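Participant: sequence unknown, structure follows:
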């Protein structure tokens with residue numbers, strides 16, 4: 001639910017929207033099985049209509065860019081589980097599986113309604129992958145293991161860190177900012 005909310009609200013056009021989802025390989029297939037129908041249930045169109053859950057991108061050119069990045073990732077070996085089709089400025093919410101860390105989809109800010117899911121083997125590889133980017137604005141971990149949660153909080157290079165909450169949570173009355181090439185510091 002947190003992936004759907006933080007990855008697709010505002011058509012993924014939020015600075016702390018979820019883009020990269022790093023999942024332990026032991027639950028990877030199950031995670032995709034649960035995520036896919038939730039994303040497929042999202043409806044696109046005019047956001048003034050009550051039934052619509054995902055509106056258009058700001059510009060049609062942005063939608064074209066998102067569509068091309070999805071196609072590029074698929075050509076490089078990622079699997080499009082659902083979505084990705086474009087109609088004008090609207091892009092169907094997409095899930096890409098098996099996204100490699102060297103794909104542009106994983107290296108740059110997509111700023112659109114698509115998430116890339118990557119399997120890893122354990123917390124150390126997850127942290128390494130999370131830090132393998134020039135960005136560091138928001139990150140989140142979902143775990144029942146307090147040791148993994150604390151390790152994540154101490155080692156992930158991000159200005160906003162959430163434990164068992166999505167990347168879009170922040171308290172506006174508290175200092176907020178990013179690390180690396182994200183934001184303007186804090």
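Facilitator: Cool, the structure landed. Since this is a predicted model, take the numbers as computed values, not measurements.
Participant: all strands of this structure, in order?
Facilitator: Taking DSSP state E as the test, the strands found in the chain are 20-24, 79-82, 86-87, 90-91, 94-97, 114-120, 135-136, 138-141, 160-163, 179-180.
Participant: chain center to the fifth one: distance?
Facilitator: Averaging C-alpha coordinates over strand 94-97 and over its chain gives two centres that are 10 Å apart (CA atoms, centre = their mean, to the nearest Å).
Participant: export the strands of the chain to TSV and tack on mean pLDDT and mean neighbour count?
Facilitator: From N, CA and C alone the C-beta is placed, and that goes for glycine too. Converted to TSV, the strands of the chain look like this (pLDDT from 0 to 100; neighbours: other CB atoms under 10 Å):
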stretch	mean pLDDT	mean neighbour count
strand 20-24	98	20
strand 79-82	98	17
strand 86-87	98	14
strand 90-91	98	23
strand 94-97	98	25
strand 114-120	98	24
strand 135-136	88	21
strand 138-141	95	24
strand 160-163	92	19
strand 179-180	81	16
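Participant: closest one to residue 13 among those?
Facilitator: Of all the strands of the chain, strand 90-91 sits nearest to residue 13, with 10.5 Å by CB to CB.
Participant: endpoint to endpoint, stretch 37-47 covers what distance?
Facilitator: 21 Å (CA to CA, to the nearest Å).
Participant: buried ones in that stretch?
Facilitator: By 16 or more other CB atoms under 10 Å, the buried positions in stretch 37-47 come out as 38-39, 42, 44.
Participant: any idea how many residues pack against the nearest residue to residue 143 once chain neighbours are set aside?
Facilitator: Leaving aside its chain neighbours, residue 143 sits nearest to residue 149 (5.4 Å; criterion: CB to CB, 6 or more residues apart in numbering). Neighbouring residues of residue 149 were enumerated by other CB atoms under 10 Å; the total is 17.
Participant: go through this protein and flag its longest helix.
Facilitator: Among the segments of the chain that qualify as a helix by DSSP state H, the longest is helix 60-75.
Participant: same for that one, what does it pack against?
Facilitator: Judged by 3 or more CB pairs under 8 Å, 6 or more residues apart in numbering; DSSP states H and E, helix 60-75 is in contact with strand 86-87, strand 90-91, strand 94-97, helix 104-107, strand 114-120.
Participant: re earlier: include pLDDT and distance to residue 141 when you put the buried residues of stretch 37-47 into TSV, please.
Facilitator: Below are the buried residues of stretch 37-47 laid out as TSV (pLDDT from 0 to 100; distance: CB to CB, whole Å):
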residue	pLDDT	distance to residue 141
38	98	20
39	98	21
42	98	24
44	98	29
